[in-house]
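Asker: here is a sequence with its predicted model. Questions after.
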Amino acid sequence: MGQGARERLAELLDSSERRGDFSTRIEMPARALRITVDGVGDLPLPVRAPVTRKLIAQARQARFGRGEQTLSDTGVRDTWEITPDRFTLGGPDWQRTLSGVLDGVRTALGLPPTTVLRAEPHALLVYGKGQFFLPHQDSEKDDSMVGSLVVSVPSHHTGGELVVEHAGRSVTYKASRERLTFTAFYADCRHEVKPVTSGYRITLTMNLLAEPVRPVGEPGGSPVADLAQCVTEHFTQPTEDRYGYGRTKPEPPGRLVYLLDHEYTQRGLDWDRLKGVDATRADLLRQAAGQADCEAVLALAEVKETWDAQPPYDRYDYYGEVEHFDDCEDDECEGECLLDPDGEPGAERRRSGDFSDYELTDLIDDEITLGWWTRPEHAGGEQISLPVPYAEVCATTANKDLTPYQSEYEGYMGNYGNTLDRWYRRAAVVLWPRQRSFAARAEAGSAQAVRELQGRLDAGELELARTLARSLAPIWNHHGSGPAAAPLFAAALGVAVRVEEADTAAMLLAPFGVETLDERHAPDLAKAAARYGRTWARGVVDSWFGSVGAYTGADRDAWLETLPGLGAALRSVDGDGDGVATPLAEGVWRAFEQQLTGWLGIGREKERQAALERLGTPLAHILRAAGPETAEMITTALRSRPDTVLECLLPSLRTAARRQAGVRDGTPPARAFQSLADHCETRLTAALARPVRAADDWSLTPDRGCPSDCDLCPGLDNFLTSRTRRTMEWPLAKDKRRHIHSRIDLASLPVSHTTRRQGRPYTLVLAKTDAVFTRERAARSRAETDLTWLQEKWPRPRG
Ligand SMILES: O=C(O)CCC(=O)C(=O)O
Ligand SMILES: [Fe+2]
């Protein structure tokens, strides 16, 4: 079991002294176990009275051992018993659950990590009202028996507590009604079952057997040897699927990432400068790696955990009733209305802060990414990017026991409940089998590993370089984008040009984002396009835009500023720079156009205008980078858009005018800008020629209405289009009011909408505002200013 090896390893590195208890209790979900009993069949859990009566019909009065004898005396023990030959334990997740429980028991009882525990069914017991078992000690039927494991099967009952005692201390264990309750104790503990006072108590008793992996005292039992054994086991057993309930993948994990406890900077990360417990642990691990024929490096990890979390406040009033906002009308509200002062349910928004007093209930998800590591044989380190799957991670100290550097809380939003995201920075020791050295490093995006390929090419070992490069295909994924990925991209590009295999070259270049490209890559890009052809180049360029060609915001904007320079560089170097520059400009335009189309469709005016204005500068960069045909295609597309596109074109022309140089010199970009300026002038002139709104005209043009043909919207449209109606009172239930609120807000209509909270249903009050007139006046005066500016800065060429 892969997980077992990682847990033992984490425990071996726990320097705190082992302190075991004499007993422990663990709960698990009921669905983990299926019990099938002869004559009864599968027991539905929780077990109800009718099934219990069937069980009793299959049982006998339990006996107990005293010295050599087996007795039956209901004054000492009164319970029904079914022997293990008459029932079986199963279920898809049972073996995994049991082995997880046994690992937990081993740790809690303080047994060494080298011990493997097994549990052997002993009896299925049913206690009815008044039944019990007086204090006793279980007989040790087997030399390897170290204790007992009692599994309480969920059933509704009271009484029947299990009391375990050792050296003057006693602990009382109660069973869960809904879940499986595992109670384990050492064989030398006296224990008793108190009388059941109502319902039926059902337990499954098991003998706990301990088998040392290596007999104590055998040579080689040093901590390093034990660790090395765990490491070997980790790298040879199939990978366990986290949510697969015991399912495994055939290949073993490729790495082991052991998280350390202290924080380090990139420069401070060094084997000789580790702090406190980290120093000892890392040293032991590195020795173990050597013994297990593994390489070891130090790395920096970014960890994000998402927890289901409960805020410390109390939603219940003095009487235990859920409290509500005074006007809450929501039948299903559980008090969420109180979370927001405006009474909008479910609106406790995402926010950052210190949430250390929140109770973490369930871990929903965690993500670990390595971003930096030391080089195996070289001094210093390098940037990498490697998401680490759950099955490769191991830690003695859990993340939640450390202080996160950032936390964000999001109240109930419908998907999960209340979630708390916590981010940590941790250092790690990373191991992999030595024979995977090249793949392990290349997979993480190590430029060093790719340069190794260049070394092979320099040495004339073309076939070896090709084989190594091809071996990357399954693992060469997602190297990110932006300047951080540029060195790795440059290394991969250098190899791509020289492998002389079009597919391998494309594979090496594909996993990067387009924002990685800069002028320095131009010579090799042009060479590659010349060598492998235009179709190849177009395919590779497309892969840099990802499958959706999505516009990626800030990164993209910063990069677009460098695009004209990259385009110029590509067109000036040897090779076929155009073969890259053209698909590049087209790809950038496609992504931009998607973004533009999205915003053009937004009715909320302020939001749309601000967004389209922000797109003005990127558009200017794209036009400056485009060749003649692409520029022509772009201007044609823009001129065919509705007039709201002017909210982007005018800011774009302003950007271009500020960079006066090169925009009026007859070059393709200059012609493109002039054509857009002419278009704007035509459209503004047409808009100003339309008649001014009459002083008594209150009519509004409705937006496109709602997609579902609801019975409310025609009523709203009638009100909006009327020249004379200015107000409307509309008694409407909450959902319908919401629908109207949202239609008005989404289209930014100049209509106020308030709810009069009287009578049932409440009344929605709509009133057209002066903005019906003021907005149009403002738009006209803006158009006049814009027109004057255009005529001055972009006069139409004569003739
Ligand atoms: O039913 C139980 O909880 C424990 C029973 C027990 O102690 C035994 O069978 O030896
Ligand atoms: Fe017992």
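Answerer: Looks like it arrived, so ask away. Ligands and ions are numbered 1, 2, ... in the order given.

Asker: quick check: which element contains the residue nearest to residue 375 when sequence neighbours are not counted?
Answerer: Of all residues not flanking residue 375 in the chain, residue 448 sits nearest, at 5.8 Å (C-beta to C-beta, 6 or more residues apart in numbering). For every residue, glycine as well, the C-beta is placed using N, CA and C. Assigned by DSSP states H and E, residue 448 belongs to helix 447-458.

Asker: report the buried residues of that helix.
Answerer: The neighbour-count check on helix 447-458 (16 or more other C-beta atoms under 10 Å) flags 447, 448, 449, 450, 451, 452, 453, 456, 457 as buried.

Asker: next: stretch 180-200.
Answerer: 180-186, 189, 191-194, 196, 199-200.

Asker: how long is it end to end?
Answerer: Stretch 180-200 has its terminal residues 15 Å apart, counting by C-alpha to C-alpha, to the nearest Å.

Asker: just how off-centre is it within its chain?
Answerer: 41 Å (C-alpha atoms, centre = their mean, to the nearest Å).

Asker: got it, and stretch 777-794?
Answerer: In terms of C-alpha atoms, centre = their mean, the centre of stretch 777-794 is found 48 Å from the chain centre.

Asker: likewise stretch 439-447?
Answerer: Put simply, stretch 439-447 sits 23 Å off its chain's centre (C-alpha atoms, centre = their mean).

Asker: what does it contact?
Answerer: Residues outside stretch 439-447 that contact it (C-beta atoms under 8 Å, 6 or more residues apart in numbering): 254-255, 295, 370, 373, 376, 382-386, 432, 448-450, 471-472, 475-477, 479-480, 485, 487-488, 490-491.

Asker: let's see that stretch as PDB, backbone CA atoms only.
Answerer: Presented in PDB, the C-alpha positions along stretch 439-447 are these (Å, rounded to 0.1, in the frame of the first residue of the first chain):
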ATOM      1  CA  ALA A 439      12.400  12.700 -17.100                       C
ATOM      2  CA  ALA A 440      11.800  13.800 -13.500                       C
ATOM      3  CA  ARG A 441      13.700  17.100 -14.000                       C
ATOM      4  CA  ALA A 442      12.300  17.800 -17.500                       C
ATOM      5  CA  GLU A 443       8.800  17.200 -16.400                       C
ATOM      6  CA  ALA A 444       9.200  19.900 -13.800                       C
ATOM      7  CA  GLY A 445      10.200  22.300 -16.500                       C
ATOM      8  CA  SER A 446      13.900  22.400 -15.600                       C
ATOM      9  CA  ALA A 447      15.700  24.400 -18.200                       C
END
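
Asker: model confidence over it, on average?
Answerer: Mean pLDDT, stretch 439-447: 87.

Asker: and this protein, which residues reach ligand 1?
Answerer: 125, 133, 138, 150, 162, 191, 193, 203, 205 (C-beta under 6 Å from any ligand atom).

Asker: and if we set it to 8 Å?
Answerer: The chain has residues 62, 64, 77, 79, 122-123, 125, 127, 133, 136, 138, 148, 150, 152, 160, 162, 183, 191-193, 201, 203, 205 near ligand 1, with proximity defined as C-beta under 8 Å from any ligand atom.
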